[in-house]
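Q: Let me see the structure of the following:
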Amino acid sequence: MIRRRSSQTATAVLAVILFAALELVAVWASGCAPTPTPLTPDATAAFYSTRVVKVLDVLRDAAIAGNELVPQKLTTDSTRQVVIWHKTAVKAIEGVPNGWQSAVKASLYALTCDPRAGSGTCTSPLKPAEVQWLTPYVGLAVVILAEVQ
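A: Coordinates of the predicted model:
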C-alpha cells in the first residue's frame, strides 16, 4: 500500500511538473512573437493585456495543481487566495485598459513578496514554501509585466 501511494504521488508530481513546463513553453513562445503591426493604440493595449492574462492564468493553474498534489504544495486557503488575486487582477486589466500594469505588479508583490515584483515592507499571506512553489511562475509574470510597462 505504501509503495502504491508513493508511486501515485510521484506520478502526480511528474504530471504537474510536465503540465507546468508545457504551459511555460507555450507562454514563452507566444511572448517571443513580435507585436503585430500596424495596430491602433487600443489594439496594442489589448494585445499586451491578453499576453499578461495568459501568464497570470499559468500562475493560477500552478497554484491549483500544487493544491492537488499529495502532499499538497499549497493549502486550500492559499490556493483560494491565489485564485481570488488572479480574478481581481484580470478584472483590473479588463476594467482599466491603460494603466493597470503597476496595480497588477503591486498586487503580485503583496501576494508573494517576491523582490522582482516590488520592494518595501511586505508580509505574504502565503507560507514561504508555497511562495517557493510559485516562484518560477511569478518570475515569468514579472518579465511579461516589464515588457508591457
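
Q: OK, contacts around the residue nearest the centre of the chain?
A: Nearest to the mean C-alpha position of the chain, counting by C-alpha atoms, centre = their mean, stands Leu59 at 2.2 Å. Each residue near Leu59 by C-beta atoms under 8 Å, 6 or more residues apart in numbering is listed here: 82, 86, 134, 137-138, 140-141. Any C-beta I mention is one placed from the backbone N, CA and C, and that applies to glycine too.

Q: which one of the residues you listed is nearest Val104?
A: Using C-beta to C-beta, Ala141 is the member of the contacts of Leu59 that sits closest to Val104, with 8.5 Å.

Q: where exactly do the helices run in the chain?
A: For the chain, the helices defined by DSSP state H occupy 2-31, 41-68, 76-95, 101-112, 128-148.

Q: I'd like those as a markdown table, with mean pLDDT appended.
A: Below are these laid out as a markdown table (pLDDT from 0 to 100):
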| stretch | mean pLDDT |
| --- | --- |
| helix 2-31 | 54 |
| helix 41-68 | 92 |
| helix 76-95 | 96 |
| helix 101-112 | 95 |
| helix 128-148 | 94 |
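
Q: Tabulate those (TSV), appending distance to Gly120.
A: Formatted as TSV, the helices of the chain follow (distance: least, C-beta to C-beta, whole Å):
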stretch	distance to Gly120
helix 2-31	28
helix 41-68	21
helix 76-95	18
helix 101-112	8
helix 128-148	16
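
Q: Phi, psi for the residue lying closest to Ala129 once chain neighbours are set aside please.
A: Leaving aside its chain neighbours, Ala129 sits nearest to Lys73 (7.4 Å; criterion: C-beta to C-beta, 6 or more residues apart in numbering). Backbone geometry at Lys73, expressed as degrees, to the nearest 10, gives phi -90, psi -30.

Q: Great, nothing more from me.
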